[in-house]
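1. generate a structure from the sequence data that follows.
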Amino acid sequence: MHKTLLELPSELETTRLILRPYQVGDGLNFHDMLKRNRKYLGELLGPITESNELDEIEIYVRKLAADWIIRNRFVLSFWEKVSSRYLGHIWIEPLDWRIPNFEMGWFIDKEYQGKGLTTEAAKKALAFIFKSLKAEKVTVRVREHGPYYEKSKQIAERCGFVKEGKLRNSVRTHIDKVLANEFYYGLLKEENEEFL
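-> From the prediction side, this is the model:
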């Protein structure tokens with residue numbers, strides 16, 4: 001089946017979260033979250049964190065929504081169920097549709113760290129990747145730099161990813177402009193029945 005014809009759910013639900021593609025108007029929530037997390041997320045999200053313009057940020061989230069529609073990439077915003085507060089997102093990038101193999105990553109509002117919410121969102125996203133996108137493998141890259149390095153590594157390990165290797169000085173950081181190592185983690189479809 002061609003990727004454009006994939007029937008995908010419009011919303012995913014966990015005990016505490018709603019995960020969904022971005023929608024028109026979500027730029028305001030993203031903008032508010034950035035104000036609290038600009039420095040913290042600068043390395044993960046790149047140039048968009050430098051913008052104070054609501055219109056620019058709305059364009060950014062609408063492009064992510066458009067990518068979902070045409071199946072170029074899949075970005076799931078996640079929201080706290082009780083308060084409807086925007087918390088962060090999970091991004092899913094196709095690496096090779098012939099396998100299929102995907103890369104995923106995440107971020108969360110710093111105020112909500114340490115509550116297991118990112119792990120909860122990541123596990124639900126993995127179920128989506130394996131069931132709806134029919135993945136055989138999912139990869140996570142963890143950069144050995146920045147305040148989220150240890151946390152991202154722990155999330156990958158909690159989700160069952162296996163460390164596959166380390167690439168030395170493989171990326172130049174966005175803010176500090178230093179060379180950093182990256183660790184590669186992989187999860188195969190047959191390795192965790194939780195997501196099948």
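2. pull out the buried residues from the longest helix that the chain contains.
-> Criterion DSSP state H: the longest helix present in the chain is helix 27-45. Residues of helix 27-45 classed as buried: 27, 29-31, 33-34, 37, 40-45 (neighbour count, 16 or more other Cβ atoms under 10 Å). Placement of C-beta: from N, CA and C, glycine included.
3. that helix: what's the following helix or strand?
-> Sequence order places helix 54-70 as the next helix or strand after helix 27-45, per DSSP states H and E.
4. list the buried residues of that next one.
-> 57-58, 60-62, 64-65, 67-68.
5. next, the angle helix 54-70 makes with the helix or strand bottoming out on mean pLDDT in the chain.
-> Least confident element among the helices and strands of the chain, by mean pLDDT, DSSP states H and E: helix 27-45 (a mean of 90). Interaxial angle of helix 27-45 relative to helix 54-70 (axes from the mean of the first three to the mean of the last three Cα atoms, to 10 degrees): 80 degrees.
6. who touches helix 27-45?
-> The contact list for helix 27-45 (Cβ atoms under 8 Å, 6 or more residues apart in numbering) reads 48-51, 54-55, 57-62, 86-88, 105, 107, 109-111, 143, 145-148, 173-176.
7. just the buried members of these?
-> The neighbour count (16+ other Cβ under 10 Å) marks 49, 57-58, 60-62, 86-88, 105, 107, 109-110, 143, 145-146, 148 as buried among these.
8. give me the sheet partners of the one helix or strand residue 91 maps to and which way each runs.
-> Using DSSP H and E, residue 91 sits in strand 86-96. Take DSSP bridges as the rule and strand 86-96 pairs in its sheet with strand 74-80 (antiparallel), strand 101-108 (antiparallel).
9. for that strand, what is the distance to the chain centroid?
-> Its chain's C-alpha centre and that of strand 86-96 lie 3 Å apart, by Cα atoms, centre = their mean, to the nearest Å.
10. how about residues contacting it?
-> 3, 17, 19, 22, 26, 29-30, 32-33, 71-80, 100-109, 112, 117-118, 121-122, 125, 128-129, 133, 139.
11. so for the residue most central in space within the chain, what's the pLDDT?
-> For the chain, the residue nearest the mean C-alpha position is residue 90 (2.3 Å; Cα atoms, centre = their mean). On the pLDDT scale, residue 90 is placed at 98.
12. same check on the one 4 residues further on?
-> pLDDT, residue 94: 97.
13. and residue 1, by the same measure?
-> 68.
14. what does residue 196 give?
-> pLDDT, read off for residue 196, is 58.
15. likewise for residue 18?
-> Looking at residue 18, its pLDDT is 98.
16. grab the nearest non-local neighbour of it.
-> Nearest non-adjacent residue to residue 18, counting by Cβ to Cβ, 6 or more residues apart in numbering: residue 79, 4.8 Å away.
17. residues near that neighbour, how many?
-> 21 (other Cβ atoms under 10 Å).
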